[in-house]
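# output the structure for:
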Amino acid sequence: MYQTIDDVVASLNTIVSDCEQTKNRSGYFAALYKRMTIAVKEGIQNNAFVDGKRMEKLDIVFANRYLSAYEAYHRKEECGTSWKYAFDGCINESLTVIQQLILGVNTHINLDLAIASAVVAPGDSIHALEADFNRINDVIASLFDDVQQSLEGVWWPMKFLKRVGKTQQTDVLNFSIGAARKTAWANAVILAGLNENEQHAYVQQMDAIVYHIAEKIINPGFFAGLLMKIVRMTEYNDVARTINLIDTTVAK
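Modelled structure (predicted):
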């Protein structure tokens, strides 16, 4: 388990670099997540959160869930149903960059953030976390919107998609960060009040629901699916370049 945010950033940077070299689409989400983690670290340093020490702990617990799943998946070990489906989606070359990014965001918000929050703030202490929980979600949404805007500058059909980070309603990909964060908070409150056995059973239910959402992201229906095909046909088909773009939002 990683102990500091710097350890997390270093690990994410290694994943991003490895994925650039091997042209592994897992690097799309890893690059976005690295930027998010750095942004949270800067927020803590700038006193942007109610409780900086608690937020640092939450960020580390949150990140460890993704990093553990990533490492387990690539060792061909159990990593959870929804994470396995998300990582498998990175092999699917028919999916757009946005779809592959949302697969990671879906699992990390809807599953991992709720679990991490309950770990850091068990019982009634969960309620004191709500303001900082919303702030970390604001970071995710703003960075996702920044990345999507950068991708629009490279692939013009992307402009036809609603900004995922801003929309509060179900969009063409059947996913909204706004809706996901509300669900994640509700689940965090429930988990915080359960005992260990009850938490395990509830997490299994959550994992199944997140998996179902991921299925909809990959198969969004006829019209949305057609739009995804148009976007995919026009994407710059260079995985390393796209990872670098997500990492820096500067096209090279």
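
# buried set for the lowest-mean-pLDDT helix or strand in the chain?
One helix or strand of the chain scores below all others by mean pLDDT, DSSP states H and E: helix 130-154, with a mean of 78. For helix 130-154, the neighbour count (16 or more other C-beta atoms under 10 Å) marks 132-133, 136-141, 143-145, 147-148, 150-151 as buried. Every residue, glycine included, has its C-beta placed from N, CA and C.

# ranges for the helices of the stretch 51-200 of the chain?
Along the stretch 51-200 of the chain, counting by DSSP state H, counting those that start in this stretch, helices occupy 52-74, 81-89, 97-107, 114-120, 130-154, 177-192, 196-218.

# okay, the ones you listed in TSV with distance to Leu245 next?
Listed next are those as TSV, based on distance: least, C-beta to C-beta, whole Å:
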stretch	distance to Leu245
helix 52-74	21
helix 81-89	19
helix 97-107	9
helix 114-120	28
helix 130-154	6
helix 177-192	20
helix 196-218	21
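
# Val239: which of these is closest?
Nearest to Val239, of all the helices of the stretch 51-200 of the chain, is helix 97-107, at 9.3 Å by C-beta to C-beta.

# residue contacts, Val189?
By C-beta atoms under 8 Å, 6 or more residues apart in numbering, the contact set of Val189 is Ile126, His127.

# apply 7 Å and report the result again.
Contact analysis of Val189 by C-beta atoms under 7 Å, 6 or more residues apart in numbering lists Ile126.

# and Lys23, which of the helices of the stretch 51-200 of the chain is closest to it?
For the helices of the stretch 51-200 of the chain, the distance to Lys23 is smallest for helix 97-107, at 13.1 Å, taking C-beta to C-beta.

# what residues are up against Phe29?
Neighbouring residues of Phe29 by C-beta under 7 Å, 6+ apart: Gln100, Leu101, Gly104.

# again, only this time at 8 Å
Ala86, Gln100, Leu101, Leu103, Gly104, Val105, His108.

# how about Ile243?
Per C-beta under 8 Å, 6+ apart, neighbours of Ile243: Val16, Cys19, Glu20, Gly27, Tyr28, Ala30, Ala31.

# how deep is the first one tucked in, by neighbour count?
Read it as Val16. Residues within reach of Val16, counting by other C-beta atoms under 10 Å, total 25.

# ditto for Lys34
By other C-beta under 10 Å, the residues close to Lys34 number 23.

# quick one: the residue nearest the centre of the chain from Val210, how far?
The geometric centre of the chain, computed from its C-alpha atoms, lies nearest to Val105 (C-alpha atoms, centre = their mean), at 2.4 Å. According to C-beta to C-beta, to the nearest Å, Val105 and Val210 sit 11 Å apart.

# spatially nearest residue to Glu78, not counting backbone neighbours?
Ala72 (6.4 Å; C-beta to C-beta, 6 or more residues apart in numbering).

# wouldn't the one you found be in contact with Lys84 here?
No - taking contacts as C-beta atoms under 8 Å, Ala72 lies outside contact range of Lys84: 9.1 Å.

# what about Val50, helix or strand, and which?
Assessed by DSSP states H and E, Val50 sits outside every helix and strand.

# can I get stretch 208-218 in PDB? Just the C-alpha atoms.
Extracted in PDB, the C-alpha atoms of stretch 208-218 (Å, rounded to 0.1, in the frame of the first residue of the first chain):
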ATOM      1  CA  ALA A 208     -22.500  -5.400  -9.900                       C
ATOM      2  CA  ILE A 209     -24.300  -2.100 -10.500                       C
ATOM      3  CA  VAL A 210     -21.000  -0.400 -11.600                       C
ATOM      4  CA  TYR A 211     -20.400  -3.300 -14.000                       C
ATOM      5  CA  HIS A 212     -23.900  -2.800 -15.400                       C
ATOM      6  CA  ILE A 213     -23.200   0.900 -16.000                       C
ATOM      7  CA  ALA A 214     -20.000   0.000 -17.700                       C
ATOM      8  CA  GLU A 215     -21.900  -2.300 -20.100                       C
ATOM      9  CA  LYS A 216     -24.000   0.700 -21.100                       C
ATOM     10  CA  ILE A 217     -20.900   2.800 -21.600                       C
ATOM     11  CA  ILE A 218     -19.600   0.300 -24.100                       C
END
